[in-house]
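*Asks:* model the following, please.
(one chain, ligands or ions: 1)
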Amino acid sequence: CLSPALLHLYDTKDTIVVIIDVFRATSTIAAALHNGARAVIPIASVEECIALTNTVEGCITAGERDGKVVPGLQYGNSPLEYSAGFIGGKTLALTTTNGTKLLHMVRDADTIITGSFLNLDAVCTYLKKRGQKVLLACAAWKDRVNMEDTLFAGAVAEALQDDFALLCDSAQMAVSLYRQAQTAPSLLAFLEPSSHYKRLSNFGLVGDMAYCTTPNQHPVVPVYNGKELVAG
Ligand code: MLT
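*Replies:* From the prediction side, this is the model:
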């Protein structure tokens, strides 16, 4: 597993790349698609996102910069905003600080999917079934390693280790972190010292983080087709 600054060191050919942004982009993607969104379009810039409202029918614009809702976008980056009653049948155009950015950086992968605790088992089952080389790509925070994405990478690496060789020390380290987290009262409690926990709790978003660390609420595998993410 890696942070975005290291992506160029990895050969992604014939590889399934799992984009991970637990707080909160890939959690929001899992929630929206499982709750019936037609698709999620990951967008690089706020301006492009706003422009899509005029070109794609039934399109909702959403996202954040530095964790905050951006003026001009209709909704934020909270998985709790996208209930079935609201998002069902709609298209979500999403732009975020790190998660959607990393998705656009990956070149030549066999398949790109997104993962979060909300769809942990669905992602692991998919990867086991495919049986191909996997790269756990952590969106992190502005190229700096973060705890929550590494923790999720550890959960996946632990679940896969009987079927896959862990080729990278960072995967071993992620597994150690995930095992250490099992001694905490909860995954959320374990993440309290992390920088993004502090950032989001300053915005009153502890409820979002509690939800994002609750495994398997949205059993879906979001697959990127080069343009949009759809339920695989
Ligand atoms: C990101 O892409 O950096 C995150 O999803 C930020 C957030 O909304 O917490």
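*Asks:* from the ligand, how far out is residue 31?
*Replies:* In this view, residue 31 and the ligand are 13 Å apart by CB to the nearest ligand atom, to the nearest Å. Where C-beta positions appear, they are placed from N, C-alpha and C, glycine not excepted.
*Asks:* typed the wrong thing, it's residue 80
*Replies:* From residue 80 to the ligand the distance is 12 Å (CB to the nearest ligand atom).
*Asks:* quickly note the distance from the residue lying closest to residue 130 once chain neighbours are set aside to the ligand.
*Replies:* Sequence neighbours aside, residue 16 is the residue nearest to residue 130 in space, at 6.0 Å (criterion: CB to CB, 6 or more residues apart in numbering). Distance, residue 16 to the ligand, using CB to the nearest ligand atom: 21 Å.
*Asks:* what about residue 16, neighbour count?
*Replies:* Look at residue 16: counted by other CB atoms under 10 Å, it has 21 neighbours.
*Asks:* so what pLDDT did residue 74 get?
*Replies:* The model reports residue 74 with a pLDDT of 94.
*Asks:* for the residue lying closest to it once chain neighbours are set aside, which residues are in contact?
*Replies:* Excluding the flanking residues, the one nearest residue 74 by CB to CB, 6+ apart is residue 61, at 5.0 Å. Shown in contact with residue 61 (CB atoms under 8 Å, 6 or more residues apart in numbering): 49-50, 52-53, 72-75, 93, 95.
*Asks:* closest to residue 22 out of those residues?
*Replies:* residue 95 (17.9 Å; CB to CB).
*Asks:* residues touching that closest one, list them.
*Replies:* 42-46, 48-49, 61-63, 70, 73.
*Asks:* which secondary structure element contains the residue nearest the centre of the chain?
*Replies:* Nearest residue to the geometric centre of the chain (CA atoms, centre = their mean): residue 26, 2.4 Å. Using DSSP states H and E, residue 26 maps to helix 25-34.
*Asks:* equivalent analysis for residue 47, please.
*Replies:* Going by DSSP H and E, residue 47 is in helix 46-55.
*Asks:* residue boundaries of the strands in this structure?
*Replies:* Assigned by DSSP state E, the chain shows strands spanning 15-20, 39-42, 59-65, 68-69, 91-95, 111-115, 133-138, 222-224, 229-231.
*Asks:* was I right to think the residue nearest to the centre of the chain contacts residue 120?
*Replies:* No: in this structure, residue 26 is not within contact of residue 120 by CB atoms under 8 Å, at 11.0 Å.
*Asks:* what residues does the chain put near the ligand?
*Replies:* By CB under 6 Å from any ligand atom, the part of the chain that sits against the ligand consists of 21, 23-25, 64, 67, 77, 96-99, 139, 200.
*Asks:* of these - the most surrounded one?
*Replies:* Top of the residues of the chain next to the ligand by neighbour count (other CB under 10 Å): residue 21, with 33 neighbours.
*Asks:* next up, the contacts around that one.
*Replies:* By CB under 8 Å, 6+ apart, the neighbours of residue 21 are 27, 96, 98-99, 102, 114, 116, 138-139, 149.
*Asks:* same thing with residue 110?
*Replies:* Residue 110 neighbours (CB under 8 Å, 6+ apart): 12-16, 132.
*Asks:* separate out the buried members of those.
*Replies:* 12, 15-16 (16 or more other CB atoms under 10 Å).
*Asks:* using CSV, please lay out these together with pLDDT.
*Replies:* Formatted as CSV, the buried ones among the contacts of residue 110 follow (pLDDT from 0 to 100):
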residue, pLDDT
12, 95
15, 97
16, 97
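*Asks:* where in the chain is pLDDT low?
*Replies:* Residues of the chain meeting the criterion pLDDT under 70: 1-2.
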